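Engineer: output the structure for:
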Amino acid sequence: MSTSEDTKIANILKRWLNTANELEAGTSRYFPITRLTSVKSLCRNRKTAQQFALHIAGRVQQSMNEAPAPDSFEPAEWDAHQQIVAEAIILMPRAMADEPGTQESLRTLIKQIDSFQGDDYRNFQWGMTVHFVPSGNLLKLEYAIQCFVQSDYPYYAYQLARQYAEHYDSSCGTGLIPKSRPQLLDIAEFWSQYYFSQSLRERFPKLMAS
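Structural biologist: Have a look, this model is predicted:
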């Protein structure tokens, strides 16, 4: 990368780190989720978006493995969700290696996800239709898979980052809030390692001093 490209990427990461620090310090309790739209510019090619998607899919799998099965799902259904995530994580590196048949296998997983998510679409007064889904984990996984099978992979990488980091709290609304800080730092850490081969602490010691 050129020096100017390095600077642009570093400035994106610095902005995210400043956001995380303000959320931790309590100087701000909310930032719009659109602060993560910079993810699009970091996905300079499909392979880059795919690496990010695989990283977040791994985080989804980790959180599912560490958490007990939610009461809202039957044990068999929860097991099926975990199996879909596991299959996707096996297929993603194969897709990055352009192995034959992996694209179709990933599209099949999207169909399986759709079957679990149902068709609860609701219309609101401002003309927007919203799909209410029972599983946020599968929604994140779907966005991750779309980075492999759709041409507009920067859009889906942003939607994945958004779904991963966005939280709600009645005191501050929906967006990047204090609960979002670990996920925001995780996103920034991925890109720091990806572009600079350095951790956030190594690259930005002053901003990571706390």
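
Engineer: which residue is the nearest non-sequential neighbour of Tyr156?
Structural biologist: Distances taken as C-beta to C-beta, 6 or more residues apart in numbering place Gln146 nearest to Tyr156, at 4.0 Å, with adjacent residues excluded. Glycine gets a C-beta too; all of them are placed from N, C-alpha and C.

Engineer: packing partners for the helix or strand that contains that neighbour?
Structural biologist: If you go by DSSP states H and E, Gln146 is part of helix 136-149. Using 3 or more C-beta pairs under 8 Å, 6 or more residues apart in numbering; DSSP states H and E, the elements in contact with helix 136-149 are helix 46-66, helix 75-96, helix 102-117, helix 153-165.

Engineer: which ones are touching the residue nearest to Tyr156?
Structural biologist: Gln146 makes contact with Ile110, Tyr153, Tyr156, Gln159 under the criterion C-beta atoms under 8 Å, 6 or more residues apart in numbering.

Engineer: shaky segments in the chain?
Structural biologist: The model of the chain has pLDDT under 70 over residues 1, 120-122, 124-131, 209-210.

Engineer: go again with 80.
Structural biologist: Applying pLDDT under 80 to the chain flags residues 1-2, 119-133, 209-210.

Engineer: format the helices and strands packed on helix 136-149 as CSV; extra columns: mean neighbour count and distance to Ser28.
Structural biologist: Output for the helices and strands packed on helix 136-149, formatted as CSV (neighbours: other C-beta atoms under 10 Å; distance: least, C-beta to C-beta, whole Å):
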stretch, mean neighbour count, distance to Ser28
helix 46-66, 18, 25
helix 75-96, 17, 33
helix 102-117, 15, 33
helix 153-165, 23, 15
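
Engineer: nearest to Leu23, of the ones you listed?
Structural biologist: Evaluated over those, closeness to Leu23 peaks at helix 153-165, with 10.9 Å, by C-beta to C-beta.

Engineer: what angle do that closest one and helix 136-149 make?
Structural biologist: The directions of helix 153-165 and helix 136-149 differ by 160 degrees, with axes from the mean of the first three to the mean of the last three C-alpha atoms, to 10 degrees as the criterion.

Engineer: roughly how far is whatever helix or strand comes next after helix 153-165 from the heart of the chain?
Structural biologist: For helix 153-165, the following helix or strand on the C-terminal side (DSSP H and E) is strand 167-169. Distance of strand 167-169 from the chain centroid (C-alpha atoms, centre = their mean, to the nearest Å) equals 16 Å.

Engineer: same for strand 167-169, what does it pack against?
Structural biologist: So strand 167-169, by 3+ C-beta pairs under 8 Å, 6+ apart, packs with strand 173-175.

Engineer: for the strand it packs on, which outside residues touch it?
Structural biologist: Tyr30, Phe31, Pro32, Ile33, Glu166, His167, Tyr168.

Engineer: now with 7 Å?
Structural biologist: The contact list for strand 173-175 (C-beta atoms under 7 Å, 6 or more residues apart in numbering) reads Tyr30, Phe31, Pro32, Ile33, Glu166, Tyr168.

Engineer: dump stretch 156-167 to PDB, restricted to CA.
Structural biologist: Output in PDB follows, covering the C-alpha atoms of stretch 156-167 (Å, rounded to 0.1, in the frame of the first residue of the first chain):
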ATOM      1  CA  TYR A 156     -22.800  -7.000   3.000                       C
ATOM      2  CA  ALA A 157     -19.600  -6.600   5.000                       C
ATOM      3  CA  TYR A 158     -21.000  -3.400   6.400                       C
ATOM      4  CA  GLN A 159     -24.300  -5.000   7.200                       C
ATOM      5  CA  LEU A 160     -22.400  -7.800   9.000                       C
ATOM      6  CA  ALA A 161     -20.300  -5.300  11.000                       C
ATOM      7  CA  ARG A 162     -23.500  -3.400  11.800                       C
ATOM      8  CA  GLN A 163     -25.400  -6.500  13.000                       C
ATOM      9  CA  TYR A 164     -22.300  -7.600  15.000                       C
ATOM     10  CA  ALA A 165     -21.800  -4.300  16.900                       C
ATOM     11  CA  GLU A 166     -25.200  -2.700  17.100                       C
ATOM     12  CA  HIS A 167     -26.900  -2.800  20.500                       C
END
